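Enquirer: Make a model of this:
(chains A, B, C and D)
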There are 2 protein chains.
Amino acid sequence: MRKGEQTHAAIVAAALELAAADSLEGLTIGRIAEQLHMSKAGVFAHFGSREELQIAVLKEYERRFIEGVLLPSLKEPRGLPRLRAMYSRWIDRLSVEIEKGCVFVSGAVEYDDRPGPIRDLLVGMIRSWQRELVRAIKQAIEVGHLRSTTDPYQLVFAMHGLVLAVHHDARLLHSKDSVTRGRVGFAQLIEAHRNVDQPESSHIRHHKRKEKPNGTVRRPAP
Amino acid sequence: MRKGEQTHAAIVAAALELAAADSLEGLTIGRIAEQLHMSKAGVFAHFGSREELQIAVLKEYERRFIEGVLLPSLKEPRGLPRLRAMYSRWIDRLSVEIEKGCVFVSGAVEYDDRPGPIRDLLVGMIRSWQRELVRAIKQAIEVGHLRSTTDPYQLVFAMHGLVLAVHHDARLLHSKDSVTRGRVGFAQLIEAHRNVDQPESSHIRHHKRKEKPNGTVRRPAP
DNA sequence: CATAAAATCGAACGCGCGTTCGTTTTTCAT
DNA sequence: ATGAAAAACGAACGCGCGTTCGATTTTATG
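Expert: Prediction:
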């Protein structure tokens, strides 16, 4: 049974690569089989349907995103440093994927009108990531890095827009400096919401946490 | 020969509708024929190839965009009013298309990796629109509404990102207030680049134009 | 009204797709 | 080493696609 899992993983890996280039909907069992020197039926047997294969690809993509973007950022201190890390690694990942294409971006467009399990999965993943961003922003407000007037989701909205613009300018318009523009845009965005009273570099954060000893501060009363 | 042009236009109109829902690449001659109660061959004969049909659809889309977004905005006075009108009408158009889908947005993703005449046409159209936005921003700087430190294309980049985010949140995430978020984001963006010395409402603009009587000011020395 | 031209049709072709199924090969615990 | 289980195969099916082509209908002009 070990061989099975092995090729299963190889198929997902190859499919992930093809999906990046041609999007999830462009995935073709024949092309995967060709790249792996297998028969179509051999590839097919591992999943039972093309849709199951697409779902496996999407889940693997999210796994890598969490591992490469979210988890390392959580090691940064709460507030702006962590938020900056999340955005920066997000852009980092995108700028690598720009050569091939990004499954989240192309999937978002392809499945915005195609109901089904794939769409549901994709929406769940993006919502989950946005929730993490909102949480990080709320923490940045709590520790005083961002103004309390900042609307967390509005900021996520603008950040997401910048990411989409980076993808658009780089892939469609072949712009060389789209990644730079994405970073500049974020810097300006943060500057506009920065709390001038309490600079980010101060270490008051730690004192504050001692004043409020209960660990998790998410979900302040609405 | 009059009947020919008539059905030709009807085909383009129907195709435009289908392309909005399923994107340009999802266009199907069979579906168009079905909707028009015609035969596939009858539809096909008007264009000679699917690609020619897609090109016709794209050109028609641009024609409507120029007519509905660009031209009315040019009637607004130069500076912030005109820039605001361009963005506002852009969003207006998008919020109508949100029900079905936007050809520019889906096309941008579908053709970012698919060379050919359609991609070239799409890129040309988007570049052209961005050029108009850059020009409007430069004028807003000249008349003193925006700070001279404003990087025109960086602002276009951020605006485009907001538009993409509106499309994304509305179509994929079914967000009710994505259009509002798009407008708020733009307002914040403009506020960040506003020239505090010279409020938009002042009419100094006219005096300035008398001082510099040469009509077109585009392309200041680089 | 006749008639050439233009428009539309219906049937068929080749293609690649996902999927099915019986067969064959490989794997792996005994 | 052996035999059952797992994995991979090859051929075929049905489907919808863009496209072709000869026949047919409709249009517009003298």
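
Enquirer: Just confirm A:Val196 is within a helix.
Expert: No - read with DSSP: H, G, I helix; E, B strand; the rest coil, A:Val196 is coil and lies in no helix.

Enquirer: I'd guessed A:Ser178 sits against A:Leu164; true?
Expert: No - if you go by Cβ atoms under 8 Å, A:Ser178 and A:Leu164 don't touch, sitting 10.9 Å apart. Yep, even glycine has a C-beta here, placed from its N, CA and C like the rest.

Enquirer: Give me the more crowded residue out of the two.
Expert: Per other Cβ atoms under 10 Å in any protein chain shown, whichever of A:Ser178 and A:Leu164 has more neighbours is A:Leu164, with 28 against 24.

Enquirer: before we move on, could you check phi and psi at A:Leu146?
Expert: Backbone torsions for A:Leu146, taken as degrees, to the nearest 10, come to phi -110, psi 150.

Enquirer: now swap in A:His37 and tell me
Expert: phi 60, psi 50.

Enquirer: Now do the contacts for the closest residue to A:Ala158 other than its chain neighbours.
Expert: Using Cβ to Cβ, 6 or more residues apart in numbering or on different chains and skipping the chain neighbours, the partner closest in space to A:Ala158 is B:Gly185 (5.1 Å). Residues in contact with B:Gly185 (Cβ atoms under 8 Å, 6 or more residues apart in numbering or on different chains) are A:154, A:157-158, A:161, B:162, B:165.

Enquirer: before we move on, what about A:His193?
Expert: A:His193 touches A:146-147, A:150, A:155, counting by Cβ under 8 Å, 6+ apart.

Enquirer: Pick out whichever of the contacts of B:Gly185 sits closest to DNA strand D.
Expert: Of all the contacts of B:Gly185, B:Ala165 has the smallest distance to DNA strand D: 31.3 Å, by Cβ to the nearest atom of the strand.

Enquirer: Look at the closest one and say how many residues are nearby.
Expert: 25.

Enquirer: and if you look at A:Leu162?
Expert: Neighbours of A:Leu162 using other Cβ under 10 Å come to 28.

Enquirer: ok and the helix or strand that contains it relative to helix B:152-171, angle-wise?
Expert: Assigned by DSSP states H and E, A:Leu162 falls within helix A:152-171. Helix A:152-171 runs at 110 degrees relative to helix B:152-171, counting by axes from the mean of the first three to the mean of the last three Cα atoms, to 10 degrees.

Enquirer: What is helix A:152-171 packed up against?
Expert: Under the contact criterion of 3 or more Cβ pairs under 8 Å, 6 or more residues apart in numbering or on different chains; DSSP states H and E, helix A:152-171 touches helix A:80-97, helix A:117-142, helix A:178-193, helix B:152-171, helix B:178-193.
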